[in-house]
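*Asks:* Sequence and predicted structure, then a few things I'm wondering about:
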Number of protein chains: 2
Amino acid sequence: MKRKVTLKQIAKELDVSISTVSKALRNSLEISEDTREKVQAFAKLYNYRPNNIALSLKNRKTKTIGVIIPEIVHNFFSKVIRGIELVANAQGYNVIVGLSNESFDKEVLNMEMLANGSIDGFILSISKETLLQQDYHHFNETISQGMPIVMFDRVITDINCDKVIVDDFEGSKKAVNHLISKGCKSIGLVTTKDYVSVGRLRTQGYIEAIEDQGVDLNSDLILKVDDKNVSEEHLESLEKQIEQLFESNPKMDGVFAVNELYALMAMKIARKRGLKIPEDIRFIGFTDGVLSRHATPSLTTVSQHAQKMGEKAAKLLIDRLDNDEDEEHFETIIIETELIERNSTE
Amino acid sequence: MKRKVTLKQIAKELDVSISTVSKALRNSLEISEDTREKVQAFAKLYNYRPNNIALSLKNRKTKTIGVIIPEIVHNFFSKVIRGIELVANAQGYNVIVGLSNESFDKEVLNMEMLANGSIDGFILSISKETLLQQDYHHFNETISQGMPIVMFDRVITDINCDKVIVDDFEGSKKAVNHLISKGCKSIGLVTTKDYVSVGRLRTQGYIEAIEDQGVDLNSDLILKVDDKNVSEEHLESLEKQIEQLFESNPKMDGVFAVNELYALMAMKIARKRGLKIPEDIRFIGFTDGVLSRHATPSLTTVSQHAQKMGEKAAKLLIDRLDNDEDEEHFETIIIETELIERNSTE
DNA sequence: AATTTTTGCGAAAACGTTTTCGTGTTAACA
DNA sequence: TGTTAACACGAAAACGTTTTCGCAAAAATT
């Protein structure tokens, strides 16, 4: 087991100084061609590679991006990571991933763990608990220490940083309008509680689309899912709530859901009640993931272009890191949504 | 913007030496209570945190694990990462993620990028291209430089390192036997080409289960999917191949597929051909992901316990890193599979 | 031959820590 | 009072780089 070779060892072996070795390897003109070749040959032979940690310390930058997301087993977030990775790697950056698991404490902990020199900047999406508690001190502290943050998807408007968001409002409006254009008269909404900003915006999009029709809003048609007892494994509570929605609205002929799972669950219940999709009732979900594509019938969705979000976020961060100019000017990029029509709306 | 405070700055401010500050903060007995309190108070005020990079350089360990996977937008791999993260974080380790994208070059590149000091060890699953080319020099080099590797799922037996694998053979046998016990007489197999080791093992499990019945193997029932033209977006080629399988085997009354997608696609085609699931034909897939759970009908699967794999892999690596004893003894952990019965087999 | 210029290299500092060892001061002892 | 022990702290080295500066020898110029 040959340990990694260092400049010092090469220097000793060739009986020159460390500086000479360093310069020779970087093709400095100060070094004679003779020594240069000798050093480079030796280095190649022993497969010398400069130690990244030493470089990081010296340069006071790590060429590493910290990413904090609420959950990784989630098509949307993993697609975002793929986007981040893609552009980060192309620019010689590494990506270090932290999972908050939707918990405030883990979010803070993870950020503290990374903020002490391990990374140059953050890309993150805020955990539900943080959004609920509205405690944002960790973001502000990180920023005030000179470490840039880029937020995506779940963001907070009054924090000074770059942001990449989806046009949730328009996307949702587009979806509901599509249902209307297909002839739906009574459109249900399955959404989240309002503290999740994206859920709130999607709800607003729904409301505006309905009201634009000159119809009165029927709040019975809106279900704000209480996901306290809902987990990947336990969907009974979710199922009950959606069933209730159908029960209260027997004439419902369209459903817009703010995520794939809600939409699929709603379709399942509709089928159970003997409704034909899309003849009797149509469905649209938000977030274009693997579930929508392979559901039966396949689900019409609002695509968020998750990978693109990741790419944009990474670009924003790296631009700021590489040219540390324009310190005080922050950007918010809005990713346009796209309605992908599948069988659930015929 | 207050930059991060260092020992040096604290020392200067309090007019003591750097060593004193360092010792005071670590509660060394050498330091008088007076100075200790003074230093600690000051450090707290300025929110001092030791610089990780400096520590890494000094200790020659980074407390960071490098993970290389072929693809992150994949339920199985993201679950593994979640498992890795879970135990890594609990042990004070960070996780840095690299995606090979199933490409040999990117795998090598990513490993080189990380191997130069950025991490203490690797956890990885090998890319398809690497498996195809059978060029494993980068693994051997990394190992010979003293950096431990733990391979999971897609592994190579004759490389000296810890491994975590699924009992693909038994899992697949279990699945086929289940189909048989349900009365299936003509069971099709949708698998991958043989160079993917897990695919090959699953195929072998199928074969043995069939032959255990004393029935002759009918190779027409085995489809080794050529996924050259198959991508997430383009499934037509896959669809054609599976259709062909049905065409050649009109009496097929059971299908075992080595992943979720193949199974779902097969179910879809069966439905299209007017077959009732599970009455006319039953299905089992490998890999328990979100697709299986929410398919209609929900798909019986062989669960690999992906998260557990990640946890085991991380534990294996961290154990080796923290007690650098037993250098030469490597373990292979086999994760038992579990048959999760859902509606596709009644 | 005396000066200046060029060439080739090394010493040392810096990045931020921790730790070993040395040393001066005070307290305890004979 | 002189010796030893305990105490409190600082200097310096080390981790592996890069870079600035200084300096000797060789080459070029007067």
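*Replies:* Done, it's in.
*Asks:* Might you report the residue contacts of the residue of the stretch 151-300 of chain A found nearest DNA strand C?
*Replies:* Closest approach of the stretch 151-300 of chain A to DNA strand C (CB to the nearest atom of the strand) occurs at residue A:161, with a separation of 23.2 Å. To be clear about C-beta, it is placed using only N, CA and C from the backbone, and glycine gets the same treatment. Neighbour list for residue A:161: A:139, A:143, A:148, A:149, A:150, A:151, A:330 [criterion: CB atoms under 8 Å, 6 or more residues apart in numbering or on different chains].
*Asks:* now these as CSV including neighbour count, distance to residue B:51 and secondary structure?
*Replies:* What follows is those, written out as CSV (neighbours: other CB atoms under 10 Å in any protein chain shown; distance: CB to CB, whole Å; DSSP: H, G, I helix; E, B strand; the rest coil):
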residue, neighbour count, distance to residue B:51, secondary structure
A:139, 22, 21, helix
A:143, 16, 19, helix
A:148, 21, 18, coil
A:149, 24, 19, strand
A:150, 27, 23, strand
A:151, 22, 25, strand
A:330, 16, 27, coil
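*Asks:* want to try a markdown table for these, with pLDDT and distance to DNA strand D as columns?
*Replies:* Compiled in a markdown table, the contacts of residue A:161 are given as follows (pLDDT from 0 to 100; distance: CB to the nearest atom of the strand, whole Å):
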| residue | pLDDT | distance to DNA strand D |
| --- | --- | --- |
| A:139 | 98 | 31 |
| A:143 | 94 | 27 |
| A:148 | 96 | 23 |
| A:149 | 97 | 27 |
| A:150 | 98 | 28 |
| A:151 | 98 | 33 |
| A:330 | 95 | 30 |
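*Asks:* Looking at these, which is nearest residue B:295?
*Replies:* When the contacts of residue A:161 are compared for distance to residue B:295 (CB to CB), residue A:151 wins out at 34.4 Å.
*Asks:* Across the sheet, point out what pairs with that closest one.
*Replies:* Beta-bridge partners of residue A:151, counted by DSSP bridges, are residue A:124, residue A:163.
*Asks:* re the thing from before, what about the residue of the stretch 151-300 of chain A closest to DNA strand C, distance to residue B:53?
*Replies:* Residue A:161 sits 23 Å away from residue B:53, taking CB to CB, to the nearest Å as the criterion.
*Asks:* What about residue A:263, how many residues nearby?
*Replies:* Residues within reach of residue A:263, counting by other CB atoms under 10 Å in any protein chain shown, total 26.
*Asks:* List the contacts of it.
*Replies:* Taking CB under 8 Å, 6+ apart, we find residue A:263 in contact with A:190, A:255, A:257, A:283, A:284, A:285, A:286, A:292, A:299, A:301, A:344.
*Asks:* out of those, who's nearest residue A:237?
*Replies:* Checking the contacts of residue A:263 against residue A:237 with CB to CB, the nearest one is residue A:190 at 13.4 Å.
*Asks:* Phi, psi for that closest one please.
*Replies:* Here is the backbone geometry of residue A:190 (degrees, to the nearest 10): phi -110, psi 110.
*Asks:* those helices in the stretch 101-250 of chain A, which residues are they?
*Replies:* Assigned helices in the stretch 101-250 of chain A, in chain order: A:104-115, A:128-133, A:137-144, A:168-181, A:197-212, A:236-248 (criterion: DSSP state H, counting those that start in this stretch).
*Asks:* still on that earlier bit, which of the contacts of residue A:161 lies closest to residue B:3?
*Replies:* Top of the list for closeness to residue B:3, among those and by CB to CB, is residue A:143 at 12.7 Å.
*Asks:* And residue A:216, what's its pLDDT?
*Replies:* Reported pLDDT at residue A:216 in the predicted model: 89.
*Asks:* Run through the residues that contact it.
*Replies:* Taking CB under 8 Å, 6+ apart, one finds nothing in contact with residue A:216.
*Asks:* From DNA strand D, how far out is the residue in the stretch 101-250 of chain A that DNA strand C sits nearest to?
*Replies:* When distances are taken as CB to the nearest atom of the strand, the stretch 101-250 of chain A approaches DNA strand C most closely through residue A:117, which lies 7.1 Å from it. When distance is defined by CB to the nearest atom of the strand, to the nearest Å, residue A:117 is 13 Å away from DNA strand D.
*Asks:* Tally up the residues packed near that residue, please.
*Replies:* Residue crowding around residue A:117 was assessed by other CB under 10 Å; the count is 21.
*Asks:* Let me see the contact set for it.
*Replies:* For residue A:117, the contact set (CB under 8 Å, 6+ apart) comprises A:56, A:62, B:4, B:51, B:52, B:53, B:54.
*Asks:* 6 Å instead, please
*Replies:* Applying CB atoms under 6 Å, 6 or more residues apart in numbering or on different chains, one finds that residue A:117 lies in contact with B:51, B:52, B:53.
*Asks:* Among those residues, which one sits closest to residue B:321?
*Replies:* Checking these against residue B:321 by CB to CB gives residue B:52 as the nearest, at 16.3 Å.
*Asks:* right, and that closest one touches residue A:115 too?
*Replies:* No: between residue B:52 and residue A:115 no contact is recorded; they are 9.1 Å apart, counting by CB atoms under 6 Å.
*Asks:* Spit out the contact partners of the nearest residue to residue A:130 once chain neighbours are set aside.
*Replies:* The spatial neighbour of residue A:130 that comes closest, neighbours along the chain excluded (CB to CB, 6 or more residues apart in numbering or on different chains), is residue A:104 at 4.8 Å. By CB under 6 Å, 6+ apart, the contact set of residue A:104 is A:129, A:130, A:133.
*Asks:* among those, which ones are buried?
*Replies:* Neighbour-count burial (16 or more other CB atoms under 10 Å in any protein chain shown) is assigned, among the contacts of residue A:104, to A:129, A:130.
*Asks:* between the contacts of residue A:104, which is nearest residue A:89?
*Replies:* Closest approach between these and residue A:89, by CB to CB: residue A:130, at 28.7 Å.
*Asks:* nearest to residue B:82, of the contacts of residue A:104?
*Replies:* Within the contacts of residue A:104, distances to residue B:82 taken as CB to CB reach their minimum at residue A:129, with 17.7 Å.
*Asks:* Check the gap between the closest residue to the closest one other than its chain neighbours and residue A:224 for me.
*Replies:* Spatially, and ignoring its direct neighbours in sequence, residue A:129 is nearest to residue A:104 (4.2 Å; CB to CB, 6+ apart). Taken as CB to CB, the spacing of residue A:104 relative to residue A:224 amounts to 22 Å.
*Asks:* Also residue A:192?
*Replies:* Following CB to CB, the distance that separates residue A:192 from residue A:224 is 7 Å.
*Asks:* which of the two has more neighbours?
*Replies:* Taking other CB under 10 Å, residue A:192 and residue A:224 do not tie; residue A:192 has more neighbours (21 against 17).
*Asks:* Correct me if wrong: the more buried one contacts residue A:198.
*Replies:* No: under the criterion of CB under 6 Å, residue A:192 lies out of contact with residue A:198, with a separation of 8.1 Å.
*Asks:* in terms of contact, does residue A:172 touch residue A:202 like I think?
*Replies:* Yes: in terms of CB under 6 Å, residue A:172 counts as a neighbour of residue A:202; the distance is 4.1 Å.
*Asks:* got the residues of the stretch 151-300 of chain A near DNA strand C?
*Replies:* Counting by CB under 7 Å from any atom of the strand, the stretch 151-300 of chain A comes close to DNA strand C at no residue.
*Asks:* Indicate the residue of the stretch 151-300 of chain A located nearest to DNA strand D.
*Replies:* Taking CB to the nearest atom of the strand as the measure, the stretch 151-300 of chain A has residue A:162 as its residue closest to DNA strand D, at 28.7 Å.
*Asks:* No further queries at this time; thank you.
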